[in-house]
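Peer 1: generate coordinates for the sequence data below:
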Amino acid sequence: MNNPMVSVIMPVYNGEKYIRKALESILNQTFQDFELIIIDDCGNDSSMIIVNEYKDSRIRVFHNNVNKGIAFSRNRAIQESKGKYIAIMDDDDISHQDRLLYQVDFMEKNSFVDVAGGQSSIIDEEDNVIAPPELMQESTKMNKVMFLFYNSFHNSETIIRKKIVDEYKIRYSDNMLGMEDFKFWIECSLHGRISNVNKEILKYRVTKDNETSRVRRIQEDARKNLFNKLRQYSLLSNGYHLERKELNILNTVVNESGDGVFRNSYQVMGLFQIMSKIIGQAKEMRVDYLDELQMWLKITFNNKFSGSLHVDIWN
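Peer 2: I've put the predicted structure just below:
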């Protein structure tokens, strides 16, 4: 039997409320050449009873001997995958029926792309849309720039060439306070090219009980500190060097939640000098995304600043 084109990987842990919709959104895809790898992470609800109701030869179930966490489970699924592509799926999201069709077609036509996301609407506990899908950045160079500073993906909207994660041994890391995906995408961006399919492919569920919301609520400060360290890691891994005081300004004004603001004129000039320094280092390294980097930094700076200082500061 030939290997499937796509391995959809889905860790399952206490997902009984939404898992049926998640499963059926994959099993009912218009693109049918896939396997669905489910990792049972030893929850204490009826999730696996529901999974076992589906008698579909494309489903492959693996059981952790004890609860291992999301990173271990995703890594195990990657290890077990047989497809040319790996599609990420969480047990509470809903994939558009043409998701795999759109993404496989895109990847097959763009052999230089290693990871592709797509448009996602955000839904609540009752499947109500609370945020419509947004236009996604297709430029691989602009995506390279964006992942220097933050994570622009919802995990379940992504598809990956398996060869890149195997060749460079890219895996998820533990103890990431819900940001194991950010670290994973940083690693992918170091070795491959990232793009997006500009079609709606996912309904991404946000609830007060999901892992990201829970961590942001309970461990807010720890998550902020870890996000800052991950961004520092991304910049450093790409050859950029900032002093601690410069990183502090960058982290205060350009933060994960996007609500950072200038608190004084020192931060205004400080951020401008930081961005100028980054551009200078990029020129020294002769990066192929210099124009995109300058554009992103300029837009970010101007969006953060409202006052008498004009964009002429960049000339």
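
Peer 1: do a quick rundown of the helices in the stretch 1-150 of the chain.
Peer 2: Remark: helices assigned in the stretch 1-150 of the chain by DSSP state H, counting those that start in this stretch are 19-27, 47-52, 70-80, 99-109, 140-149.

Peer 1: so where is this structure shaky, pLDDT-wise?
Peer 2: 1, 209-218, 305-315 (pLDDT under 70).

Peer 1: distance check, the most centrally placed residue in it against G178.
Peer 2: Nearest residue to the geometric centre of the chain (C-alpha atoms, centre = their mean): F153, 3.3 Å. Counting by C-beta to C-beta, to the nearest Å, the gap from F153 to G178 is 13 Å. In this view, the C-beta of every residue, glycine as well, is placed from N, C-alpha and C.

Peer 1: same thing with T158?
Peer 2: 16 Å.

Peer 1: ok, and for stretch 20-33, which residues are buried?
Peer 2: 20-23, 25-26, 29, 31 (16 or more other C-beta atoms under 10 Å).

Peer 1: tell me the one of these nearest A77?
Peer 2: Each of the buried residues of stretch 20-33 was scored against A77 by C-beta to C-beta, and I26 proved nearest at 13.2 Å.

Peer 1: hang on, that closest one packs against E35?
Peer 2: No. Using C-beta atoms under 8 Å, I26 is not in contact with E35, being 10.2 Å away.

Peer 1: now for those two: what residues contact both?
Peer 2: With contacts taken as C-beta atoms under 8 Å, 6 or more residues apart in numbering, I26 and E35 have V8 as neighbours in common.

Peer 1: excluding its backbone neighbours, what's nearest Q119?
Peer 2: In space, and not counting its chain neighbours, Q119 is closest to P133: 3.7 Å by C-beta to C-beta, 6 or more residues apart in numbering.

Peer 1: and if you look at H96?
Peer 2: I201 (4.8 Å).

Peer 1: okay, now that neighbour: neighbour count?
Peer 2: Look at I201: counted by other C-beta atoms under 10 Å, it has 29 neighbours.

Peer 1: in contact with the residue nearest to F149 when sequence neighbours are not counted, which residues?
Peer 2: Distances taken as C-beta to C-beta, 6+ apart place R231 nearest to F149, at 6.0 Å, with adjacent residues excluded. Contacts for R231 (C-beta under 8 Å, 6+ apart) come out as 148-150, 250-251.

Peer 1: take the residues you listed and lay them out in CSV including neighbour count.
Peer 2: Output for these, formatted as CSV (neighbours: other C-beta atoms under 10 Å):
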residue, neighbour count
L148, 20
F149, 17
Y150, 16
L250, 23
N251, 18
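
Peer 1: adding distance to G280, write these out as CSV.
Peer 2: Formatted as CSV, the contacts of R231 follow (distance: C-beta to C-beta, whole Å):
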residue, distance to G280
L148, 15
F149, 17
Y150, 22
L250, 15
N251, 20
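
Peer 1: just flag the most distant two among the residues you listed.
Peer 2: Greatest spacing in the contacts of R231, by C-beta to C-beta: L148 and N251 (13.6 Å).

Peer 1: what about Q97, how many residues nearby?
Peer 2: The number of residues near Q97, taken as other C-beta under 10 Å, comes to 15.

Peer 1: which ones are touching it?
Peer 2: Contacts of Q97 (C-beta under 8 Å, 6+ apart): 25, 28-30.

Peer 1: number of residues surrounding the residue nearest to I39 when sequence neighbours are not counted?
Peer 2: With C-beta to C-beta, 6+ apart as the criterion, I39 has its nearest non-adjacent residue at 4.1 Å, and that residue is S73. By other C-beta under 10 Å, the residues close to S73 number 24.

Peer 1: I figured S73 hits C42, correct?
Peer 2: No. Counting by C-beta under 8 Å, S73 sits too far from C42 to count as a contact (9.8 Å).

Peer 1: common neighbours of those two, please.
Peer 2: 13, 64.

Peer 1: partner strands of the longest strand along the chain and their direction?
Peer 2: Looking across the chain with DSSP state E, the single longest strand is strand 194-205. According to DSSP bridges, strand 194-205 forms sheet pairs with strand 94-95 (antiparallel), strand 115-123 (parallel).

Peer 1: format those as a markdown table; extra columns: distance to H63 and mean neighbour count.
Peer 2: Listed next are the strands paired with strand 194-205 as a markdown table, based on distance: least, C-beta to C-beta, whole Å; neighbours: other C-beta atoms under 10 Å:
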| stretch | distance to H63 | mean neighbour count |
| --- | --- | --- |
| strand 94-95 | 24 | 24 |
| strand 115-123 | 29 | 23 |
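
Peer 1: any chance of those strands in a markdown table, plus distance to E108?
Peer 2: Formatted as a markdown table, the strands paired with strand 194-205 follow (distance: least, C-beta to C-beta, whole Å):
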| stretch | distance to E108 |
| --- | --- |
| strand 94-95 | 19 |
| strand 115-123 | 11 |
